[in-house]
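> Need the 3D shape of this:
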Amino acid sequence: MKHIRSAPKGTTPVAGASQWAWQSEAECRGESTEDFFSPGGEAAAKEICGWCPVRTDCLDYAISRPEPYGIWGGLNEDERVSERRRRWRRGELGRAA
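Model (predicted):
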């Protein structure tokens with residue numbers, strides 16, 4: 001994703017910025033967002049996610065929001081809904097899916 005950048009050196013982090021720290025290590029950094037947010041790009045996005053060192057962090061972020069669009073952590077919207085429900089049933093989420 002082109003628009004993800006780390007803060008310039010010497011700047012003061014914004015409150016809660018550490019929740020975004022995983023994005024600087026994301027395999028999708030610098031990739032076209034079109035692959036991640038269009039139906040035709042799903043296979044390419046999932047392939048990129050397959051090699052990503054922060055895939056779990058990305059998926060956890062998307063499930064905790066819940067993020068309604070795109071490929072996050074290697075899962076599409078429907079797959080994330082299923083994963084969110086699975087986590088809720090296991091008691092890993094505080095709210096109903």
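> Taking the centroid of the protein, which residue is nearest it?
Computing the C-alpha centroid of the chain and ranking residues by C-alpha atoms, centre = their mean puts residue 58 first, at 3.2 Å.
> Now do the same contact list for it.
Residues counted as contacts of residue 58 (C-beta atoms under 8 Å, 6 or more residues apart in numbering) are 22-23, 26, 49, 52, 72-73. Where C-beta positions appear, they are placed from N, C-alpha and C, glycine not excepted.
> where does the protein dip in pLDDT?
The chain contains residues with pLDDT under 70 at 1-18, 94-97.
> Next, the residue nearest to the centre of the chain: secondary structure please.
Under DSSP: H, G, I helix; E, B strand; the rest coil, residue 58 falls in the helix class.
> Take the contacts of residue 58 and keep only those in strands.
Counting by DSSP state E, these place none of their members in strands.
> As CSV, those with distance to residue 65 and neighbour count would be great.
Shown next, in CSV, are the contacts of residue 58 (distance: C-beta to C-beta, whole Å; neighbours: other C-beta atoms under 10 Å):
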residue, distance to residue 65, neighbour count
22, 14, 17
23, 14, 17
26, 16, 19
49, 17, 21
52, 18, 19
72, 9, 24
73, 12, 21
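> which one of those residues is nearest residue 89?
Nearest to residue 89 among those, counting by C-beta to C-beta, is residue 73 at 18.8 Å.
> show me what contacts the nearest residue to the closest one once chain neighbours are set aside?
Leaving aside its sequence neighbours, residue 73 sits nearest to residue 59 (C-beta to C-beta, 6 or more residues apart in numbering; 2.4 Å). Under the criterion of C-beta under 8 Å, 6+ apart, the neighbours of residue 59 are 72-75, 80, 83.
> Include distance to residue 36 when you put these into a markdown table, please.
Listed next are those as a markdown table, based on distance: C-beta to C-beta, whole Å:
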| residue | distance to residue 36 |
| --- | --- |
| 72 | 8 |
| 73 | 11 |
| 74 | 11 |
| 75 | 11 |
| 80 | 13 |
| 83 | 17 |
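> Closest one to residue 91 out of these, please.
When the contacts of residue 59 are compared against residue 91 (criterion: C-beta to C-beta), the nearest one is residue 83, at 14.4 Å.
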